[in-house]
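> Fold the following and give me the result.
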Amino acid sequence: MKSLVRVLLVSGVAFAALVSTGALDVEVHWSDGVARAVDLFGHDAKPAPADGAAADGGSGAFWKDGSSAPAVTPVGVPNTFADLAERVSPGVVNISTKKTIAARSLEDFFPFPFQDPFGGGGPPSEHKQQVPSLGTGFVISPDGYIVTNNHVIEEVDSITVRFVDGKELPAEVVGRDPKTDIALIRVKNDQPLYALPLGDSDGVRPGEWVVAIGNPFGLEHTVTAGIISAKHRNIEQGLYDDYIQTDAAINPGNSGGPLLDLSGAVIGINTAINPRANTIGFAVPINMAKDILPQLRSSGHVTRGWLGVVIQKVTPEIAEEFELDEPKGALVSKVDPKGPAAKSGIEQRDVIREFDGHPINDFDDLPRLVARTPVDKKVELVVIRDGKKKKLTTVVGALDEPELTKAAAKPTEGGSNAFGLRVQNLTPELAEQLGLGNDASGVVVSSVEPGGPAGEAGLRRGDVIVEVDRHEVTDTGTLEKRLAETDERALLLVRRGDSQLYVPLKRKVS
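Numbering: from 1, shown residues only. Here you go, the predicted model:
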């Protein structure tokens, strides 16, 4: 008996030692009031989790749940926008306009020479009719200068500005710029007006709070709030697209109104919407307006800088053809022989990477930078030519009309049968039909095979192929020879209207 007690005592001490050291994990489960021990010999053990599965229940999770970083609280989260809206409202105005249009009379539905039942006759009559329109604006100086959109006041007969207190004043157009859709108007008042401060649109970031105030559908001083959704949006409205995108609700009638930060400073001019979603609106950055407002006030129009080049996007295919390290910059596809670029030594096929100290990441950057540069300013450019960086200096000229243009982003067409197109020589008659000069040369694309390499590259009937792999093309024989000498693909220089584009073209896969 003593021996049995000694064995049990030793076993108990050993068991306690294993548990205390963690070598043995023991759980006691209760079921129906009866304590049950876990099978120490593994008879009740669960199978080990498969590779990649979580040990806690075999869920398969291979990530970390939760974050140890503190939660980010947006700076200046507002409890209300009411104080801001109340403070700035005197500087936001309703703009109503009237425009005269030609209207048709009911007699148009009884065409001459038929007569109406009451004996009238003769040709259809025409009368004038005034059509009202609504928009928004905001005061930027106490002496009555107001900013709005060009499309709000373009070609109207009269403009009336209505303030939040109900006061109405007639306004006159001081200046307007269709290219950026910005206009400056002015009212005269006995007392100084409440002017909104202008902020810094370059300094704002996506995710920051903004407030829009305007007159959507004639509902005066409607306040909406949201965030900046994105910056530098190109919505294909022109050369100088650089919009701020916001999810603050903007609707017809908001045009010309302010987009405000939480300090009440204007950081954008509400201009456009996506008609399929009222949470996708676009505003012209206020810094763009700051560049041109002094000119609108002094001369009524904007004189922009001019470089005298036609440019296009550097696609990955173009970058590969030109052996560039990355698809950045603006590829010069044409140089105006009379422009500043030609005088400074810029050449066709140069890739402009910097302008006046500013990097050119996308080709859209260049027109905006050149346009805002003062005329006659000397600036430095960095170009990539034959794989090497080269610094050039130019004096910015004055832009008359859009000589500084963006070539179509889509590549153009060209080639022989192996590239999915047909061509013909450029005759004087064809050159005249295509609007080309007498000295035009090249080969005309007469047809493009649907689904072929040329069609996929974007070539069109009527395009004129000027070069193949940097060799001049004067007739179909030269073109066929050059294309026959190419390997997998060819780089074409194509003329389309007044623009020239480089187009990488792949040979058909047999």
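
> Got the domain ranges for the protein?
Listed domain ranges for the chain are 80-115+124-301, 304-406, 417-506 (source: automatic domain parsing).

> Which residues does stretch 330-338 contact?
Here stretch 330-338 makes contact (Cβ atoms under 8 Å, 6 or more residues apart in numbering) with 308-314, 318, 322, 341-342, 346-352, 360, 362-363, 365-366, 383, 403, 407, 493, 499-502. The way it works is simple: take the backbone N, C-alpha and C, and place the C-beta from them, glycine included.

> Helix, strand, or coil at the closest residue to residue 382 other than its chain neighbours?
Of all residues not flanking residue 382 in the chain, residue 354 sits nearest, at 3.7 Å (Cβ to Cβ, 6 or more residues apart in numbering). Of the three states, residue 354 takes strand under DSSP: H, G, I helix; E, B strand; the rest coil.

> Verify the contact between residue 354 and residue 381 for me.
Yes - counting by Cβ atoms under 8 Å, residue 354 touches residue 381, with 6.3 Å between them.

> With neighbour numbers in mind, choose between the two.
residue 381 (23 against 18; other Cβ atoms under 10 Å).

> Could I get the full set of helices for the chain?
Remark: helices assigned in the chain by DSSP state H are 2-21, 82-88, 150-153, 286-299, 316-321, 340-344, 365-372, 428-433, 453-457, 476-485.

> what comes up buried for stretch 141-161?
Neighbour-count burial for stretch 141-161 flags 144-153, 156, 159-161 (criterion: 16 or more other Cβ atoms under 10 Å).

> Same question for stretch 432-451.
434, 436, 440-445, 448-449.

> How far does it sit from its chain's centre?
What separates the centre of stretch 432-451 from the centre of its chain is 32 Å, taken as Cα atoms, centre = their mean, to the nearest Å.

> quick one: terminal-to-terminal distance for that stretch?
30 Å (Cα to Cα, to the nearest Å).

> who's in contact with that stretch?
With Cβ under 8 Å, 6+ apart as the criterion, stretch 432-451 contacts 413-414, 420-426, 428, 430-431, 454-455, 459-466, 472-476, 478-479, 495, 497.

> returning to what we had before: looking at the buried residues of stretch 141-161, point me to the pair that's furthest apart.
Spatial extent of these (Cβ to Cβ) is set by the pair 144 and 151 at 21.7 Å.

> on that earlier part again, mark which of the buried residues of stretch 141-161 are part of strands, please.
Among the buried residues of stretch 141-161, the members found in strands (DSSP state E) are 145-149, 159-161.

> Pick out whichever of the residues you listed sits closest to residue 252.
For those, the closest approach to residue 252 (Cβ to Cβ) belongs to residue 149, at 11.7 Å.

> Contacts only, for that closest one.
135, 181-183, 255-256, 269, 271.

> quick one: pLDDT of it?
Listed pLDDT for residue 149 reads 94.

> Show me how to select, in PyMOL, the buried members of the contacts of stretch 432-451.
For the buried members of these, the matching PyMOL selection, counting by 16+ other Cβ under 10 Å, is:
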select buried, resi 413+414+420+421+422+423+426+430+431+454+455+459+460+463+464+465+466+473+476+478+479+495
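
> Where in this structure is the helix or strand with the lowest mean pLDDT?
Counting by mean pLDDT, DSSP states H and E, the weakest-scoring helix or strand in the chain turns out to be strand 405-406, with a mean of 36.

> got the residue ranges for the strands in the stretch 151-300 of the chain?
158-162, 168-177, 182-187, 209-214, 222-233, 243-246, 258-260, 266-274, 277-285 (DSSP state E, counting those that start in this stretch).

> Using CSV, please lay out these together with distance to residue 85 and mean pLDDT.
Formatted as CSV, these follow (distance: least, Cβ to Cβ, whole Å; pLDDT from 0 to 100):
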stretch, distance to residue 85, mean pLDDT
strand 158-162, 17, 93
strand 168-177, 21, 93
strand 182-187, 22, 94
strand 209-214, 7, 93
strand 222-233, 5, 91
strand 243-246, 16, 92
strand 258-260, 9, 94
strand 266-274, 14, 90
strand 277-285, 17, 85
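
> pretty sure residue 395 contacts residue 374?
No - using Cβ under 8 Å, residue 395 is not in contact with residue 374, being 10.7 Å away.

> what bridges to the closest residue to residue 155 other than its chain neighbours?
Once flanking residues are discounted, residue 155 sits nearest to residue 99: 6.6 Å by Cβ to Cβ, 6+ apart. Note on residue 99: beta-bridge partners residue 131, judged by DSSP bridges.

> Would you mind stating the distance between residue 99 and residue 156?
5 Å (Cβ to Cβ, to the nearest Å).

> what's the overlap in contacts for those two?
residue 133.

> thinking again about what came up before, now list the buried members of the contacts of stretch 330-338.
Applying 16+ other Cβ under 10 Å to the contacts of stretch 330-338 flags 308-314, 318, 322, 341-342, 346, 348-352, 360, 363, 365-366, 383, 403, 407, 493, 499-502 as buried.

> so who does the residue nearest to residue 382 touch?
Residue 354 neighbours (Cβ under 8 Å, 6+ apart): 360, 380-382.

> Just name the closest of those to residue 489, please.
Using Cβ to Cβ, the contacts of residue 354 come closest to residue 489 at residue 360, 25.9 Å.

> What distance do you get for the closest one to residue 334?
Distance, residue 360 to residue 334, by Cβ to Cβ: 17 Å.

> Next: residue 456.
Look at residue 456 and residue 334: by Cβ to Cβ, they are 24 Å apart.

> Settle it for me: which of these two has more neighbours?
Taking other Cβ under 10 Å, residue 456 and residue 334 do not tie; residue 334 has more neighbours (21 against 16).

> so where's the stretch 201-350 of the chain shaky on pLDDT?
Along the stretch 201-350 of the chain, segments meeting pLDDT under 70 span 238, 278.

> For the buried residues of stretch 432-451, give me JSON lines that also has pLDDT.
Formatted as JSON lines, these follow (pLDDT from 0 to 100):
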{"residue": "434", "pLDDT": "77"}
{"residue": "436", "pLDDT": "78"}
{"residue": "440", "pLDDT": "77"}
{"residue": "441", "pLDDT": "81"}
{"residue": "442", "pLDDT": "85"}
{"residue": "443", "pLDDT": "86"}
{"residue": "444", "pLDDT": "87"}
{"residue": "445", "pLDDT": "87"}
{"residue": "448", "pLDDT": "80"}
{"residue": "449", "pLDDT": "80"}
